[in-house]
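**Q** return a 3D structure for these sequence lines:
(one chain, ligands or ions: 1)
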Amino acid sequence: MAERLQNYIDGKWVDSRAGETFVVRNPATGEILGETPLCGPDEVDAAVTAAARAFPAWRRTPVENRVQHLFKLKFLLEEHAEELARIVTRENGKTLDESRGSVRRGIQMVEVACGAPSLLMGSVLEDVAGGIDCESVRQPLGVFAAICPFNFPAMVPMWFFPFAVACGNTFVCKPSEQVPFSQKLMWELIDRCGFPPGVLNLIQGGRECVDALLVHPDVAGVSFVGSSPVAEHVYKTAAAHGKRVQALGGAKNFIVVMPDADMDAALDAVSESAFGCAGERCLAASIVVPVGASADRVREGLIERMKAIRVGDGNDDGVTMGPLISKPHLQKVTGYIEKGVEEGAELVVDGRGVDANPDGNFLGPTLFDKVKPDMTIGKDEIFGPVLCLMPVDTLDEAMKLTRDHPLANASSIFTTSGKAARQFRYEVEASMTGVNIGVAAPMSFFGFGGAKGSFFGDLKAHGREAFDFYTDRKVVISRW
Ligand code: NAD
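**A** Okay, the predicted model is just below:
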């Protein structure tokens, strides 16, 4: 019988009472891995209530003691990193190397959060007026929740909970119902770290569970990562219920390739950016904009690199691209390929009908040329291994293309010209910007998040900004 996932509430694993479940499958084989119960408001309330009960004592626990639990977690994660990576590949489909990389990036979050004793410090100024001192201290706010996407099952929750609890808040995590097993292992490790009951809770579910978190009176703030329409819904609903919100949404990432670029290095990076993780990355290259004379070399160079991509089960040696997450998602992405052809783009490489396990959700790398900004494939986030070429004559035209798009998560330029690089980094609106970098992913000690329709909120994920998001800066003015 398929394993039914449990919740972790108040320091204990508990069975869910939910009647409805989501069937979790291995995307490479179609094998049923388990069932995620789709919890409703009553079980959300149990998790939030446990977190709210744990908050007063946890916030009084000295920060130096709080982070000791995270140090334990860091070492347990090191011991179990390979096991975690294998679970990520099994439930999400990305290759084992990609999973290992994502687990490493996640562990780095815990490492940065362990620096809370320094990073949480406030500031003081004596004699702001005669005999009056002023200090600013950071205080935790209560219960925070995170709502996570399917594409980085181990890493994305780690963008949030280590920082939240290091700051003295308590936490409820809702993983994507499509990939619940990575967080199952994470919470088994958390269970061994000695956190007091209720500090870290795990709740399984989908939309109904999310909506219950967004309106719960005891939730002080919400972190969300997922598609833009849901990010906007989460932002508006949670904010209307008086919560802090950071909602990271979808992407349509432009990569500009100048004629003076180191073309081999640029195309290696572009190909990896577009087709790594089967294009299911919020930082994936979606549109390549070759400028001037670079157009033919970019097209030919990408075709050559795409031929070398081996599609298959991410567990198998030599496989460089795994399957898409699900059959419905595969249908959605192939629907975009059909739409691209219908609307007149040139299909240069067609990934449909790839020779791999028919029970898996496989699609080969796909390339369109002569894509126009008003075509569906030029506008929508596809979230699969489909790359669009939009050649232009000048850098100014390339910049206009990026400006005209409503999403602005990540964007990169490849060039050997300092002048072009400066213009790009100065003008581009995407807040994760690369210069000769294919995947402009900020590491744990910097903030992560986009702009325009790719981000709803003010403070980004992880880095120093996490300490701002998870605390209130109280100012105390004293005269004795
Ligand atoms: P999604 O929006 O479908 O789901 C994200 C989460 O929201 C899940 O936990 C899901 O259960 C919940 N959810 C789904 N629909 C909902 C609804 N109508 N109401 C309330 N909750 C709902 O996203 P996904 O398909 O899991 O992930 C892929 C998306 O995430 C892509 O758009 C990708 O760009 C984005 N993403 C963004 C970033 C970033 O940093 N900006 C990082 C990773 C992924």
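**Q** what's the closest non-adjacent residue to whatever residue of the stretch 1-150 of the chain ends up closest to the ligand?
**A** Relative to the ligand, the nearest point of the stretch 1-150 of the chain is Pro149 (3.1 Å; Cβ to the nearest ligand atom). Every C-beta, even on glycine, is put in place using the N, C-alpha and C of the backbone. Counting by Cβ to Cβ, 6 or more residues apart in numbering, Gly226 is the residue found nearest to Pro149 once chain neighbours are left out, at 4.4 Å.
**Q** same check on Tyr235?
**A** Spatial nearest neighbour of Tyr235, excluding adjacent residues (Cβ to Cβ, 6+ apart): Phe456 at 3.5 Å.
**Q** got the contact list for that neighbour?
**A** Ala231, Glu232, Val234, Tyr235, Val245, Gln246, Ala247, Gly249 (Cβ atoms under 8 Å, 6 or more residues apart in numbering).
**Q** which of those are buried?
**A** Among those, those that count as buried by neighbour count (16 or more other Cβ atoms under 10 Å) are Ala231, Val234, Tyr235, Val245, Gln246, Ala247, Gly249.
**Q** report the secondary structure state of the residue of the stretch 1-150 of the chain closest to the ligand.
**A** Assigned by DSSP: H, G, I helix; E, B strand; the rest coil, the conformation of Pro149 is coil.
**Q** how much space between the residue of the stretch 151-300 of the chain found nearest the ligand and Gly351?
**A** Distance from the ligand to each residue of the stretch 151-300 of the chain (Cβ to the nearest ligand atom) is smallest for Gly226, at 2.7 Å. From Gly226 across to Gly351, the span is 25 Å (Cβ to Cβ, to the nearest Å).
**Q** of those two, give the one with the bigger neighbour count.
**A** Higher neighbour count among Gly226 and Gly351: Gly351, with 25 against 22, using other Cβ atoms under 10 Å.
**Q** so what does Thr320 look like in phi/psi?
**A** phi -110, psi -10 (degrees, to the nearest 10).
**Q** my guess is the residue of the stretch 151-300 of the chain closest to the ligand contacts Ile147. True?
**A** Yes: assessed by Cβ atoms under 8 Å, Gly226 is found in contact with Ile147 at 7.0 Å.
**Q** which residues do these two both contact?
**A** Val234.
**Q** quick revisit: out of the buried ones among the contacts of Phe456, which are inside strands?
**A** Judged by DSSP state E, the subset of the buried ones among the contacts of Phe456 located in strands is Val245, Gln246, Ala247.
**Q** any idea which of those residues is closest to Pro180?
**A** Ala247 (21.2 Å; Cβ to Cβ).
**Q** quick one: Leu347 is in a strand?
**A** Yes: counting by three-state DSSP, Leu347 falls inside a strand.
**Q** contact partners for it?
**A** Per Cβ under 8 Å, 6+ apart, neighbours of Leu347: Ile337, Gly340, Val341, Thr366, Leu367, Phe368.
**Q** how much space separates the fourth one from Leu387?
**A** It refers to Thr366. Taken as Cβ to Cβ, the span from Thr366 to Leu387 is 7 Å.
**Q** and the third one, by the same measure?
**A** According to Cβ to Cβ, Val341 and Leu387 sit 15 Å apart.
**Q** so between those two, which is more surrounded?
**A** Leu387 (29 against 14).
**Q** any low-confidence regions in the stretch 251-400 of the chain?
**A** For the stretch 251-400 of the chain, no stretch is flagged by pLDDT under 70.
**Q** what ranges do the helices span in it?
**A** With DSSP state H, counting those that start in this stretch, the ranges of helices along the stretch 251-400 of the chain come out as 263-275, 295-307, 327-342, 376-379, 395-404.
**Q** now pLDDT and distance to the ligand too, for the ones in strands among the buried ones among the contacts of Phe456, in a markdown table please.
**A** As requested, these are arranged in a markdown table below (pLDDT from 0 to 100; distance: Cβ to the nearest ligand atom, whole Å):
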| residue | pLDDT | distance to the ligand |
| --- | --- | --- |
| Val245 | 98 | 13 |
| Gln246 | 98 | 10 |
| Ala247 | 98 | 9 |
